[in-house]
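Enquirer: Fold the following, please.
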Amino acid sequence: SGLVGRGGASFPVGTKWRSVAAGSGPAVVIANGAEGEPLSRKDQALMARRPHLVIDGALIAAETVGADRVFLYVGEAHHAALTAMTQALAERPPRDRARARVLPAPPTYTAGEESAAVHFVNERVATPTAIPPRPFESGVDGRPTLVQNVESLAHAALIARNTVSGTVLLTVGGAVARPGVYEIHSGGTVGEAVELAGGPRPGVRAVLLGGYFGGWIDAHEASG
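Expert: Got it, this is the predicted structure:
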């Protein structure tokens, strides 16, 4: 399908899954919904509104890579998302509930980094660790571990249903008329996303892309 990760790195999802599936022994899946970037709201909005879609994707990933354990790693400060994911898991069949659990992630910027997520599952300390080995080689309890953003997993679930949306979720905030999370087609422009949010307020001179560690572009460039 050509699906790429929606956690920021745009790494090919298929390549990541194949790497974990090629490991020895049963694998582990971490559905990464920590979303520690203070300016981002897309993952928590997705989990709050479509929790079963995220769980479907996580379980499809588990079947694909040969995992018998799934951690739904949700930011503890994202109350609506945490409640929705917990309730959705409780509504699943016993087989799903037996291998999946919701794990609140601490509200820190680095908690969503993949080695930090593994470290938290193993030691309850959400700080990045020295690599190698990378999680796909040796992660939770030394097993091959897939750490995948929840939006990526939701798209995997749609693809399994032969529904390729070709969209991405974006958080648009700051000096716009309607700050919020918006769905835009892949390949869309920053200007289109801003227009969905009601357009910029007068006097906007620059747009920050990618959150606190992103980069600034001129407002005129963003509108193109």
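Enquirer: so who does Thr127 touch?
Expert: Thr110, Ala116, His119 (C-beta atoms under 8 Å, 6 or more residues apart in numbering). (Glycine included, C-beta is placed from N, CA and C.)
Enquirer: Swap in 10 Å and give it another go.
Expert: Pro106, Thr108, Thr110, Ala111, Glu113, Ser115, Ala116, His119, Phe120 (C-beta atoms under 10 Å, 6 or more residues apart in numbering).
Enquirer: Can I have the buried ones of those residues as a ChimeraX selection?
Expert: In ChimeraX, this line selects whichever of those come out buried by 16 or more other C-beta atoms under 10 Å:
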select :106,108,111,113,115,116,119,120
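Enquirer: Make JSON lines out of the contacts of Thr127 and add pLDDT.
Expert: Listed next are these as JSON lines, based on pLDDT from 0 to 100:
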{"residue": "Pro106", "pLDDT": "97"}
{"residue": "Thr108", "pLDDT": "94"}
{"residue": "Thr110", "pLDDT": "93"}
{"residue": "Ala111", "pLDDT": "95"}
{"residue": "Glu113", "pLDDT": "94"}
{"residue": "Ser115", "pLDDT": "96"}
{"residue": "Ala116", "pLDDT": "97"}
{"residue": "His119", "pLDDT": "97"}
{"residue": "Phe120", "pLDDT": "97"}
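Enquirer: Check the contacts of Thr127 and tell me the two furthest apart.
Expert: Spatial extent of the contacts of Thr127 (C-beta to C-beta) is set by the pair Pro106 and Ser115 at 14.7 Å.
Enquirer: Could you tell me the average pLDDT over stretch 21-35, please?
Expert: Mean pLDDT, stretch 21-35: 95.
Enquirer: nope, stretch 4-15 is what I meant
Expert: Rounded mean pLDDT across stretch 4-15 is 86.
Enquirer: Likewise for stretch 211-224?
Expert: Average pLDDT, stretch 211-224: 84.
Enquirer: List the buried residues of that stretch.
Expert: Across stretch 211-224, burial judged by 16+ other C-beta under 10 Å covers Ala219, Ala222, Ser223.
Enquirer: Of all the strand elements in this structure, which one is longest?
Expert: Longest strand in the chain, counting residues (DSSP state E): strand 67-75.
Enquirer: next structured bit after that strand?
Expert: Toward the C-terminus, strand 67-75 is succeeded by helix 79-90 as the next helix or strand (DSSP states H and E).
Enquirer: elements contacting that following helix?
Expert: Identification of packing neighbours for helix 79-90 by 3 or more C-beta pairs under 10 Å, 6 or more residues apart in numbering; DSSP states H and E yields strand 27-33, helix 42-49, helix 51-65, strand 67-75, helix 94-99, strand 100-105.
Enquirer: Would you mind saying which of those lies nearest Ala154?
Expert: Closest to Ala154 of the helices and strands packed on helix 79-90 is helix 51-65 (C-beta to C-beta; 4.6 Å).
Enquirer: wait, Val121 sits on Ala34?
Expert: No - contact between Val121 and Ala34 fails when scored by C-beta atoms under 10 Å: they sit 11.6 Å apart.
Enquirer: Who has more neighbours out of the two?
Expert: Ala34 (33 against 21; other C-beta atoms under 10 Å).
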